[in-house]
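1. when you get a sec, could you give me coordinates for this:
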Amino acid sequence: MATLRYEFYETDETLTLSVFDRGADPAAMSVQFEPRKLVYQNGDKVLSLQPLKGQIDPTGCDYTVGKVKVEIRLVKMVLGRWGGLVGKAPDPLASSAAPPSSEIPIRHKRKNWEGITTDILTSDKEKTTEEDPNVGGDSTVNTFFQKIFADSDEDTRRAMMKSFQESGGTTLSTNWDEVKKETVDVKPPEGSEWKRWG
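-> The predicted model follows:
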């Protein structure tokens, strides 16, 4: 009887076992899954692993045959890391007294993140400017200034037009008493330099 080299890696939900059996014939080999036992056989080559550190779900386990190795995926019945493949370990599912459910995380179905994202996107409604003043960008700002202009008296309109034109669009004042006395200076945003065109 030949011995087989193997290695494994695990997540909380599965354990993947790589059995190095070059040229394994899928028709001639077999893998048997039991709750605490795994048997791999290919002709006279046998790998029997028992007792496993934890219980597996035999119906969820599967394997793939490659040119160099056979990859066996074991689905764990209880979430968590085993730290090893075989050995004496207390089996939380085999104990007669059922422990509280908070101590043993039982395997859950995977979340449908795509469905959650779709639900969130379809449930989002358009926000109004009362809820978020930044909604709408420039069009909202323009609407705001148009409303101020429309609701103001003649002196305020005159002050807005004069300050905006003389400053090259960098200043908007509603105080006619201040604006009528002198030319409104150009005040570019911080870090910018004003250049006159033309």
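2. pull out the buried residues from the helix or strand harbouring residue 73.
-> Here residue 73, judged by DSSP states H and E, is contained in strand 70-75. Using 16 or more other C-beta atoms under 10 Å as the test for burial, strand 70-75 gives 70, 72, 74-75. Backbone N, C-alpha and C define where each C-beta goes, glycine included.
3. mind checking how far the lowest-mean-pLDDT helix or strand in the chain is from the chain centre?
-> In the chain, the helix or strand scored least confidently by mean pLDDT, DSSP states H and E is helix 113-123, which has a mean of 79. Taking C-alpha atoms, centre = their mean, to the nearest Å, one finds the center of helix 113-123 at 13 Å from the center of the full chain.
4. centroid-nearest residue for the protein?
-> By C-alpha atoms, centre = their mean, the chain has its centre lying nearest to residue 113, at 8.2 Å.
5. against residue 195, how distant is that residue?
-> 51 Å (C-beta to C-beta, to the nearest Å).
6. ok, back up a step: helices or strands next to the strand holding residue 73 in the packing?
-> Other helices and strands packing on strand 70-75, by 3 or more C-beta pairs under 8 Å, 6 or more residues apart in numbering; DSSP states H and E, are strand 14-20, strand 29-34, strand 37-42, strand 62-65.
7. okay, buried residues for the helix or strand where residue 157 lies please.
-> Here residue 157, judged by DSSP H and E, is contained in helix 154-166. Buried residues in helix 154-166, counted by 16+ other C-beta under 10 Å: 156, 159-160, 162-164, 166.
8. check the offset of stretch 109-122 from the chain's centre.
-> Using C-alpha atoms, centre = their mean, the offset of stretch 109-122 from its chain centre is 11 Å.
9. nope, stretch 183-195 is what I meant
-> For stretch 183-195, the distance to the chain centre is 45 Å (C-alpha atoms, centre = their mean).
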